[in-house]
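Enquirer: Have a look; sequence and predicted model below, questions after that.
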Amino acid sequence: MILKHMMIDFHALRYKFSGSSLSFEGDSNSLRAYISSYRFIVMVITCACILAVDFRIFPRRFAKTETYGTSLMDLGVGSFVVVNSFVSRQARNITSFGWKTAVQSIIPLVILGFVRLVTTAGIDYQVHVSEYGVHWNFFFTLAGVSILTSVVNIPPQCSGILGSLVLIGYQFCLTRGLNRYLLSNERGTDIISQNKEGLFSVFGYWGMYLVGVHLGNYLFFGGRSSTFRSTRWVRIRVWILCLLFWLLTMVLDRYVERVSRRMCNLPYVAMVLADNLQILSILMLSDLVPGSKISVLEEAYNRNLLPTFLLANLLTGLVNLSVDTLSASPTTATCILLVYTFVLSITAGIAHFYGIKLKLG
């Protein structure tokens with residue numbers, strides 16, 4: 001479809017989660033290299049998966065889970081929220097974010113949400129209602145997170161406490177019966193019942209974002225400074241936090257509730273944070289390898305993350321309208337995916353070569 005109900009939302013690279021306008025300092029071993037590489041990795045994997053999942057060659061174990069469990073695509077939405085909250089304006093102690101900026105960020109999300117709703121209905125594309133609801137999609141979720149973050153505007157040093165309280169309160173409601181309501185296939189005629197999964201999961205994503213802001217401020221910036229900490233300081237603490245969050249995930253998954261992306265419960269948030277910190281910690285081992293840590297292709301993608309993902313969604317829609325993906329042979333599917341990723345990369349490369357940087361919304 002044209003604006004696919006995807007594992008992530010490209011506008012998470014903008015509005016409240018935007019980090020694409022960062023001014024990084026330092027050499028190739030700086031935190032700029034690590035964060036840029038991670039954003040690039042998440043983008044490339046996501047762009048590949050949103051189309052590959054429509055073909056039979058894509059392993060079903062990597063597709064999104066229906067109720068409880070974990071998979072590659074389950075990590076997508078959470079990973080983009082987290083990785084961009086790490087370097088958001090709030091995490092960098094930039095307090096110039098006002099209502100005008102918030103409205104400018106929210107309106108494109110709402111518009112894209114309605115465009116996605118209309119286009120999927122127009123082409124009669126099969127939508128998994130159990131994921132977000134009848135009318136809801138992740139664009140609306142991000143708009144809700146943006147609104148809540150704008151209304152409750154607190155310092156990054158306090159956002160972790162608020163995020164934790166939101167997540168604990170939401171998880172308490174889930175274990176008291178809300179989870180049965182959200183996982184039930186029964187729906188009423190009211191707007192809340194029709195879109196119960198999307199509406200209630202907003203609290204989980206909001207809490208995740210707030211915790212990510214606190215971690216980004218603590219790890220990468222610290223205090224009231226908007227400049228990066230030393231890499232050695234960050235590396236040690238990232239590894240420690242990674243282990244702590246994995247332990248927390250195992251405890252929550254076993255004794256509280258199993259991981260569920262559909263509800264964005266507390267175990268899911270802990271797992272996403274642990275996974276993101278683990279990948280960052282692995283990338284930090286690149287200090288052991290001499291040479292530049294950022295490739296030209298990484299720079300190209302990071303320069304236009306939002307437009308690149310928009311192009312990926314448009315190309316995905318074109319492929320789905322032109323090809324019966326479920327009937328495509330493995331050879332045909334592989335060729336289509338190779339051409340698709342090549343077009344994305346060459347477009348991003350050309351834009352980077354000519355110094356083009358698009359800002360949508």
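Expert: Noted; the coordinates are in hand.

Enquirer: can you give me the mean pLDDT across stretch 66-84?
Expert: Looking at stretch 66-84 alone, the average pLDDT works out to 86.

Enquirer: What are the buried residues along it?
Expert: Counting neighbours by 16 or more other CB atoms under 10 Å, one finds that the buried residues in stretch 66-84 are 68, 70-84. Bear in mind the C-beta positions are built from the backbone N, C-alpha and C, glycine included.

Enquirer: any idea how far Lys100 is from the spatially most central residue of the chain?
Expert: Ranked by distance to the mean C-alpha position of the chain (CA atoms, centre = their mean), the top residue is Phe80 at 2.1 Å. With the distance defined as CB to CB, to the nearest Å, Phe80 ends up 25 Å from Lys100.

Enquirer: quick one: which of the buried residues of stretch 66-84 sit in helices?
Expert: Among the buried residues of stretch 66-84, the members falling in helices are 74-84 (criterion: DSSP state H).

Enquirer: Which pair in these has the greatest spatial separation?
Expert: Spatially, the most separated pair among those is Asp74 and Asn84, at 17.9 Å (CB to CB).

Enquirer: got the contact list for stretch 198-211?
Expert: Counting by CB atoms under 8 Å, 6 or more residues apart in numbering, the neighbours of stretch 198-211 from elsewhere in the structure are 16-17, 77-78, 81-82, 85, 132-133, 136-138, 140-142, 144-145, 148-149, 159-160, 162-164, 166-167, 169-170, 178, 182, 192, 262-266, 268-269, 272-273.

Enquirer: For Phe58, grab phi and psi.
Expert: As for Phe58, its main-chain torsions (degrees, to the nearest 10) stand at phi -80, psi 120.

Enquirer: give me every residue that touches Leu337.
Expert: Taking CB under 8 Å, 6+ apart, we find Leu337 in contact with 48, 51-52, 55.

Enquirer: now those residues as CSV including distance to Gln278 and secondary structure?
Expert: Rendered in CSV, the data for the contacts of Leu337 read as follows (distance: CB to CB, whole Å; DSSP: H, G, I helix; E, B strand; the rest coil):
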residue, distance to Gln278, secondary structure
Ala48, 21, helix
Leu51, 26, helix
Ala52, 23, helix
Phe55, 29, coil
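
Enquirer: Tell me which stretches of the stretch 201-350 of the chain form helices.
Expert: Along the stretch 201-350 of the chain, the segments classed as helices by DSSP state H, counting those that start in this stretch run 231-255, 266-283, 296-303, 305-322, 330-353.

Enquirer: Dump the C-alpha coordinates for the third one into CSV.
Expert: Output of helix 296-303 as CSV, limited to C-alpha atoms (Å, rounded to 0.1, in the frame of the first residue of the first chain):
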residue,chain,number,x,y,z
VAL,A,296,29.2,7.8,2.7
LEU,A,297,26.0,5.8,2.4
GLU,A,298,25.3,6.3,6.1
GLU,A,299,25.8,10.0,5.7
ALA,A,300,23.4,10.0,2.8
TYR,A,301,20.7,8.2,4.6
ASN,A,302,21.1,10.2,7.8
ARG,A,303,20.9,13.5,5.8
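
Enquirer: Give the other helices and strands that it contacts.
Expert: Applying 3 or more CB pairs under 8 Å, 6 or more residues apart in numbering; DSSP states H and E, we find helix 296-303 packed against helix 31-52, helix 330-353.

Enquirer: tell me the most buried of these?
Expert: Mean neighbour counts were taken over the helices and strands packed on helix 296-303 using mean count of other CB atoms under 10 Å, and the top value, a mean of 21, falls to helix 31-52.

Enquirer: Convert the C-alpha atoms of that helix to PDB, please.
Expert: Below are the C-alpha coordinates for helix 31-52, written out as PDB (Å, rounded to 0.1, in the frame of the first residue of the first chain):
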ATOM      1  CA  LEU A  31      29.200   9.300  19.600                       C
ATOM      2  CA  ARG A  32      28.100  10.800  16.300                       C
ATOM      3  CA  ALA A  33      29.500   7.800  14.500                       C
ATOM      4  CA  TYR A  34      27.700   5.300  16.800                       C
ATOM      5  CA  ILE A  35      24.300   7.100  16.700                       C
ATOM      6  CA  SER A  36      24.500   7.700  13.000                       C
ATOM      7  CA  SER A  37      25.400   4.100  12.300                       C
ATOM      8  CA  TYR A  38      22.600   2.800  14.500                       C
ATOM      9  CA  ARG A  39      20.000   5.100  12.900                       C
ATOM     10  CA  PHE A  40      21.200   3.900   9.500                       C
ATOM     11  CA  ILE A  41      21.000   0.300  10.500                       C
ATOM     12  CA  VAL A  42      17.400   0.700  11.800                       C
ATOM     13  CA  MET A  43      16.400   2.500   8.600                       C
ATOM     14  CA  VAL A  44      17.900   0.000   6.200                       C
ATOM     15  CA  ILE A  45      16.500  -3.000   8.000                       C
ATOM     16  CA  THR A  46      13.100  -1.400   8.300                       C
ATOM     17  CA  CYS A  47      12.900  -0.300   4.700                       C
ATOM     18  CA  ALA A  48      13.800  -3.800   3.600                       C
ATOM     19  CA  CYS A  49      11.300  -5.500   5.900                       C
ATOM     20  CA  ILE A  50       8.200  -3.400   5.100                       C
ATOM     21  CA  LEU A  51       8.400  -4.800   1.500                       C
ATOM     22  CA  ALA A  52      10.000  -8.100   2.100                       C
END
